[in-house]
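Enquirer: I would like the atomic coordinates for the input below:
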Amino acid sequence: MAEVILMPRLSDTMTEGVIAAWHKKVGDPVKKGDLLAEVETDKATMELESYKDGTLLHIGTDKGGKLQVNDLLAIIGNPGEDISSLLKGGAAPAPAAEALKAEAPAAAPQQAAAPAATAAPAAAPAAKSGSTMDLSTVPEVILMPRLSDTMTEGVIAEWHKKVGDTVKKGDLLADVETDKATMELESYKEGKLLYIGAQKGDKVAVNSLLCIIGDESKVDVNVIVAAAKGGPAPAASGEAPAQPAAQPASGTGAATTENAVPAASSEDGRVKASPLAKKIASDKGIDLAKVAGSGDNGRIVKKDIDNYVPGSAPAAASTPAKAAATAAPSAPAGEVSFEEVPVSQMRKVIAKRLAESKFSAPHFYVTMNINMDKAVESRAKLNEVSPAKISFNDMVLKACAIALKKHPKVNSSWLGDKIRINHHVNIGVAVAVEEGLLVPVVRFADTKSLSQIATEVKVAAQKAKDKKLQPSDWEGNTFTISNLGMFGVDEFTAIINPPDACILAIGAINQTPVVKNGQIVVGNIMKVTLSCDHRVVDGASGAAFLQTLQGLLEEPLTMLV
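Expert: Residues are numbered from 1 along each chain as shown. A predicted model of the protein is given here:
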């Protein structure tokens, strides 16, 4: 049966998307994972992959056209399938239901007409037993949006509204953990929250029922929920529509009984604040962790920033009881003990992408020692005048950016039947977070000064640890660096971060005996290992890149020329 694909909400502030390019045309076969289109959002141009097999039967707008979030983007189904009902906003009748209707006695439709007449208008398309409701056409339904370019499902990290609450446009509904980050989901509808389709910790597939918001006198929740579960509509709809939604999201009820000032942080330490509050706080240089929130569940809103007085005590983010509860249980001596934790969305995607990289890209490795004596000396002098503290990692990043301009093969990507040689230099910096690894990107790194790079890397690393990175922060890398030197690691090899052809692994700077002018002296030696995709980069190309990098770091002044 044909399935509607709606315009996904690809960023936390997106309200509409522009079709930058279609990669399939009407009539083309489509498989899961095929690139359908490129969608320009308010943050970046992102790739939209299909999550259904079939034939592309309809596109909602041509290249350059705008679509609101949840507008009809495409229809995928069987070749020659009738999609007229979907184009009109209805649902295609199920063949089995039509056959039953033809064989039924004449009295049967009349008997079914009575309960159908009492059904709410929004539920009318599904009033017939056995019919299918297109949830995307029901105004009160909110489906799980696709919040990242690779997201197939989201985990409810927290609900900020409970059943029965009044919701306005822009209100924070929930925090959704995707494969890339935990993102805030704001409501784009107004009304009462009548139903929640998943509790905290539950997984919800993209475009599945997330919640229902509307006027309870006009919405039959039973019918919508039954349609979402794939079953027939209930025979009677006279019950109170909100009853199936009577179970509030876990953890939301207790908040109303506390007399303390609402805390601005969640249990995982992430500060909750509206996008506007975050922007104002950033402009004013206010640390959100020091601001008490007055919004739902302690969320920081604009008035909290406006009323903030420096030096005032923030709301307590946790209690000793919570700290004790999170402590790992100790096992009695001599007993087998272990703990199993569910795999996060981020960890799943890291595993999938790096496994694909490791086993599809033929890796080879080139290691080189770099004498960092002059880099150590130069860094001390640079930090005397730099507005931002420059790290050795920043110096390596800058040197890589310059070297990549001289060795474009290393700054390339394998595309199957062609190699893309990038003329711009966007360097990803691997940042370790609790759930795994994020790679924020320093764009056009070859054009930026060391102080600019230092500032940008520090901000991006903090955003990664606070789970505040957006898709525009981690997309578009052409090369990646990974540094474990701060952990005392001498050397290691890294797995290539797609779509890059290379990644540089940076070890610690160690004082090592070296020979200078025939004398054994102490030198500051750093080992680096370049992992290369042999489909794109040959051994000589990788070695030449490292030679250039070595020259730049051993004579840092050449980076400024």
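Enquirer: would you mark the buried spots in the helix or strand encompassing Ser282?
Expert: Secondary structure assigned from DSSP states H and E places Ser282 in helix 275-284. Residues of helix 275-284 classed as buried: Ala277, Lys278, Ile280, Ala281 (neighbour count, 16 or more other C-beta atoms under 10 Å). Backbone N, C-alpha and C define where each C-beta goes, glycine included.
Enquirer: and what of stretch 1-21?
Expert: 2-12, 14, 17-20.
Enquirer: ok, stretch 500-510 next?
Expert: Within stretch 500-510, the residues scored as buried using 16+ other C-beta under 10 Å are Asp500, Ala501, Cys502, Ile503, Leu504, Ala505, Ile506, Gly507, Ala508, Ile509.
Enquirer: residues in contact with the nearest residue to Lys463 once chain neighbours are set aside?
Expert: Counting by C-beta to C-beta, 6 or more residues apart in numbering, Lys463 lies nearest to Leu469, which is 5.0 Å off, once chain neighbours are set aside. By C-beta atoms under 8 Å, 6 or more residues apart in numbering, the contact set of Leu469 is Lys180, Ala181, Leu438, Pro440, Ala460, Lys463.
Enquirer: same thing but 7 Å
Expert: Ala181, Leu438, Pro440, Lys463 (C-beta atoms under 7 Å, 6 or more residues apart in numbering).
Enquirer: still on that earlier bit, how far off centre is the helix holding Ser282?
Expert: 21 Å (C-alpha atoms, centre = their mean, to the nearest Å).
Enquirer: check which helices and strands that helix is in contact with.
Expert: With contacts taken as 3 or more C-beta pairs under 7 Å, 6 or more residues apart in numbering; DSSP states H and E, helix 275-284 sits against helix 302-306.
Enquirer: who touches the helix it packs on?
Expert: Ser274, Leu276, Ala277, Ile280, Ala281, Ile286, Val291, Ala292, Gly293, Ser294.
Enquirer: recalculate using a threshold of 6 Å.
Expert: For helix 302-306, the external contacting residues (C-beta atoms under 6 Å, 6 or more residues apart in numbering) are Leu276, Ala277, Ile280, Ala281, Val291, Gly293, Ser294.
Enquirer: Val167 versus the closest residue in space to Asn422 that isn't next to it in sequence, what's the distance?
Expert: Among residues not flanking Asn422 along the chain, Thr478 sits closest, at 4.3 Å (C-beta to C-beta, 6+ apart). Distance, Thr478 to Val167, by C-beta to C-beta, to the nearest Å: 42 Å.
Enquirer: count the neighbours of Asp306 for me.
Expert: Around Asp306 sit 10 other residues, with neighbours defined as other C-beta atoms under 10 Å.
Enquirer: picking up where we left off before, from the buried residues of helix 275-284, which is closest to Ile496?
Expert: The shortest approach to Ile496 among those belongs to Lys278, at 33.7 Å (C-beta to C-beta).
Enquirer: next, give phi and psi for the nearest residue to that closest one once chain neighbours are set aside.
Expert: Spatial nearest neighbour of Lys278, excluding adjacent residues (C-beta to C-beta, 6+ apart): Leu288 at 7.0 Å. Main-chain dihedrals, Leu288, degrees, to the nearest 10: phi -60, psi -30.
Enquirer: ok, Leu288 - contacts?
Expert: Val271, Ala273, Ala281.
Enquirer: what helix or strand is Ser482 located in?
Expert: Counting by DSSP H and E, Ser482 is found in strand 479-483.
Enquirer: show me what that strand is in contact with.
Expert: 393, 404, 411, 427-428, 430, 494, 497, 500, 503-506.
Enquirer: and which of the contacts of helix 302-306 is nearest to Asn517?
Expert: The closest of the contacts of helix 302-306, once distances to Asn517 are taken by C-beta to C-beta, is Ala281, at 55.7 Å.
Enquirer: pLDDT score for that closest one?
Expert: Ala281 carries a pLDDT score of 80 in this model.
Enquirer: cool, the one 4 residues further on as well?
Expert: Model confidence at Gly285, given as pLDDT, is 76.
Enquirer: got the phi and psi for it?
Expert: Per degrees, to the nearest 10, the backbone of Gly285 is at phi 70, psi 30.
Enquirer: wait, Ile421 touches Val410, no?
Expert: No. Applying C-beta atoms under 6 Å, one finds Ile421 not in contact with Val410, separated by 10.0 Å.
Enquirer: first to last residue in stretch 339-351, what's the distance?
Expert: 20 Å (C-alpha to C-alpha, to the nearest Å).
Enquirer: tabulate the buried residues of helix 275-284 (JSON lines), appending distance to Leu135.
Expert: What follows is the buried residues of helix 275-284, written out as JSON lines (distance: C-beta to C-beta, whole Å):
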{"residue": "Ala277", "distance to Leu135": "32"}
{"residue": "Lys278", "distance to Leu135": "32"}
{"residue": "Ile280", "distance to Leu135": "37"}
{"residue": "Ala281", "distance to Leu135": "37"}
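Enquirer: which residues touch Gly80?
Expert: Gly80 neighbours (C-beta under 6 Å, 6+ apart): none.
Enquirer: so it is in which element?
Expert: For Gly80, there is no host helix or strand (DSSP H and E).
Enquirer: strands of the stretch 101-250 of the chain, start to end?
Expert: 141-143, 153-159, 166-167, 172-177, 182-186, 191-196, 203-205, 209-214 (DSSP state E, counting those that start in this stretch).
Enquirer: mean pLDDT per helix and strand in the chain: which one sits at the bottom?
Expert: helix 95-103 (a mean of 33; mean pLDDT, DSSP states H and E).
Enquirer: excluding its backbone neighbours, what's nearest Val26?
Expert: Nearest one to Val26, counting by C-beta to C-beta, 6+ apart, is Leu56 at 5.6 Å.
Enquirer: what does the one you found show for phi and psi?
Expert: phi -70, psi 110.
Enquirer: could you give the number of residues near it?
Expert: 21.
Enquirer: correct me if wrong: it contacts Lys24.
Expert: Yes. With contacts counted by C-beta under 6 Å, Leu56 reaches Lys24, the gap being 5.0 Å.
Enquirer: overlap in contacts, these two.
Expert: Joint contacts of Leu56 and Lys24 (C-beta under 6 Å, 6+ apart) are Val30.
Enquirer: show me where the stretch 401-550 of the chain has strands.
Expert: 412-414, 419-421, 427-429, 431-433, 436-438, 441-442, 479-483, 502-516, 519-533.
Enquirer: turn these into JSON lines, including distance to Glu339 and mean pLDDT.
Expert: Conversion of the strands of the stretch 401-550 of the chain to JSON lines gives the following (distance: least, C-beta to C-beta, whole Å; pLDDT from 0 to 100):
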{"stretch": "strand 412-414", "distance to Glu339": "40", "mean pLDDT": "93"}
{"stretch": "strand 419-421", "distance to Glu339": "44", "mean pLDDT": "94"}
{"stretch": "strand 427-429", "distance to Glu339": "31", "mean pLDDT": "95"}
{"stretch": "strand 431-433", "distance to Glu339": "20", "mean pLDDT": "85"}
{"stretch": "strand 436-438", "distance to Glu339": "18", "mean pLDDT": "81"}
{"stretch": "strand 441-442", "distance to Glu339": "35", "mean pLDDT": "94"}
{"stretch": "strand 479-483", "distance to Glu339": "28", "mean pLDDT": "95"}
{"stretch": "strand 502-516", "distance to Glu339": "31", "mean pLDDT": "93"}
{"stretch": "strand 519-533", "distance to Glu339": "33", "mean pLDDT": "95"}
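Enquirer: distance of the residue nearest to Asn422 from Leu553?
Expert: Applying C-beta to C-beta, the value for Thr478 to Leu553 is 20 Å.
Enquirer: in space, what's closest to Leu172 - neighbours in sequence excluded?
Expert: His160 (4.7 Å).
Enquirer: next, the one you found: phi, psi?
Expert: Dihedral angles for His160 - degrees, to the nearest 10 - are phi -110, psi 0.
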